[in-house]
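K.L.:
quick one, what's the 3D model for this:
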Amino acid sequence: MEMQNPLPVPRQERRLLLIVDDDAINCAILENIFAPYYDTAAAENGWAGLQRVRERENDLCAILLDVMMPEMDGIQVLRCLKDRGVLEKVPVFLITAETSSAVIKEAYTLGVMDVISKPVIPYMVLRRVQSVVELFQARERLSNVVELQQADLLAQAKQIIELNKGMIETLAAAIEFRSEESGDHVRRIHDITEYLLTHTPLGEGLSKIEVEQIALGSIMHDVGKIAVPDAILNKPGRLTPEEFEVMKSHTVQGAKLLEQIPQLRENGAYPYARDIARHHHERWDGRGYPDGLKGDEISLAAQVVSLADVYDALSCKRVYKDAFPREKVVEMIREGQCGSFNPRLLECFFQVEGELAKLYHNPCKEE
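P.N.:
Here you go, the predicted model:
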């Protein structure tokens, strides 16, 4: 049975087949063979062929390349195409009367798809070229599908991350509202923590993801206040020793609460959130609570959030106090009036405090 040629391709679906050959008759023969199936263009030498490739690289479906040409031969063209990465995207065929095994070996080594001898046999050259072109196009379609699927998966993962973050922020903000404070408090703690770990030497050795997870964990630092009675949480005056013991329990209660949320345990921020919730009131000299940790027994994350929490509390109005001026806030922290902090942490904090103060351009007096 005689093999039938493929049907011509509608012009709007065609792509460009480039013929690079200094012999006008050969170009005409090849254009006649491929014209029903592809748009064709011809170049009379290697230099002209490379120029066409630069102009139409994204449109090319194949390149038919002669070996013996003036100015630049086919092997030189192949080397340039390889350097440009064209051979990974566009199949190249040598169509030549050159039979040297060394030339053919180098051509295949460089990445040519096939070597077709002159004079060409029309149905044979058509089938050989079209088979490879269809393979490349199928691979391209599959690659596009995979890329779209990957983009969809990444978008879904990002949605899940944002949803988890939103749920965490909502819970933390709800607790802040319960203590008659704005949800802006937890957002500022997040931003201060992230800034200190990103713009000072404190964050050296931490990856971007780790910094993001610590900052997200910082949002949950006061989650344990949900277990503190309103009468104590919102008391305008000084707490009694007994009331203060209840208030202090929010650190332990916060860690326990986070442990009981299975979905959170799968989040990379969980170990930081739990540690911060329990230890953000520990102090460098060991006089903090609940565990009396001292020095580097306190994690960096808990140390940073501890200072951020103090800085924000001093800078804003609370039920039990008015906001202090910036100069007073800095003085109180520097002199240790709010507990002792890691000297290196303080050094880094004071280096960037001017930037952190911009968070308070609109004073928090209404919180």
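K.L.:
quick one: distance of whichever strand or helix holds residue 349 to the chain centre.
P.N.:
For residue 349, the host element (DSSP states H and E) is helix 343-356. In this view, helix 343-356 has its centroid 28 Å away from the chain centroid, taken as C-alpha atoms, centre = their mean, to the nearest Å.
K.L.:
and for stretch 285-304?
P.N.:
Distance, stretch centre to chain centre, for stretch 285-304: 33 Å (C-alpha atoms, centre = their mean).
K.L.:
just the C-alpha atoms of it, please, in PDB.
P.N.:
Only the C-alpha atoms of stretch 285-304 are listed here, as PDB (Å, rounded to 0.1, in the frame of the first residue of the first chain):
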ATOM      1  CA  ASP A 285      19.200  37.500  84.100                       C
ATOM      2  CA  GLY A 286      16.900  34.600  84.900                       C
ATOM      3  CA  ARG A 287      14.300  36.600  86.600                       C
ATOM      4  CA  GLY A 288      11.600  36.000  84.100                       C
ATOM      5  CA  TYR A 289       8.800  33.400  84.000                       C
ATOM      6  CA  PRO A 290       7.500  30.700  83.800                       C
ATOM      7  CA  ASP A 291      10.700  28.600  83.800                       C
ATOM      8  CA  GLY A 292      13.300  31.100  85.000                       C
ATOM      9  CA  LEU A 293      15.500  30.500  81.900                       C
ATOM     10  CA  LYS A 294      18.700  32.500  81.800                       C
ATOM     11  CA  GLY A 295      20.900  33.800  79.000                       C
ATOM     12  CA  ASP A 296      21.100  31.600  75.900                       C
ATOM     13  CA  GLU A 297      18.800  29.100  77.500                       C
ATOM     14  CA  ILE A 298      16.200  31.400  76.000                       C
ATOM     15  CA  SER A 299      15.800  30.900  72.300                       C
ATOM     16  CA  LEU A 300      16.600  33.700  69.900                       C
ATOM     17  CA  ALA A 301      13.000  33.800  68.800                       C
ATOM     18  CA  ALA A 302      11.600  34.200  72.300                       C
ATOM     19  CA  GLN A 303      14.200  36.900  73.100                       C
ATOM     20  CA  VAL A 304      13.300  39.000  70.000                       C
END
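K.L.:
following element in sequence after the lowest-mean-pLDDT helix or strand in the chain, please.
P.N.:
Across the helices and strands of the chain, the lowest-confidence element by mean pLDDT, DSSP states H and E is helix 122-178, at a mean of 72. Going down the chain from helix 122-178, the next helix or strand is helix 184-199, by DSSP H and E.
K.L.:
so where is the stretch 201-350 of the chain shaky, pLDDT-wise?
P.N.:
Filtered on pLDDT under 70, the stretch 201-350 of the chain yields the residue ranges 319.
K.L.:
can you give me the helices for it?
P.N.:
Using DSSP state H, counting those that start in this stretch, the helices of the stretch 201-350 of the chain run over 208-218, 230-233, 241-248, 250-259, 262-265, 270-279, 300-315, 326-334, 343-356.
K.L.:
so residue 40, which of the three states?
P.N.:
The three-state label given to residue 40 by DSSP: H, G, I helix; E, B strand; the rest coil is strand.
K.L.:
let me see the domain layout of the protein.
P.N.:
11-148, 179-360 (automatic domain parsing).
K.L.:
how about those in JSON lines, adding mean neighbour count?
P.N.:
Bear in mind the C-beta positions are built from the backbone N, C-alpha and C, glycine included. Listed next are the domains of the chain as JSON lines, based on neighbours: other C-beta atoms under 10 Å:
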{"stretch": "domain 11-148", "mean neighbour count": "17"}
{"stretch": "domain 179-360", "mean neighbour count": "18"}
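K.L.:
just to revisit the earlier point, contacts for the helix holding residue 349, please.
P.N.:
With contact meaning C-beta atoms under 8 Å, 6 or more residues apart in numbering, helix 343-356 is reached by 192, 195-196, 199-202, 303-304, 307, 311, 330, 333-334, 341.
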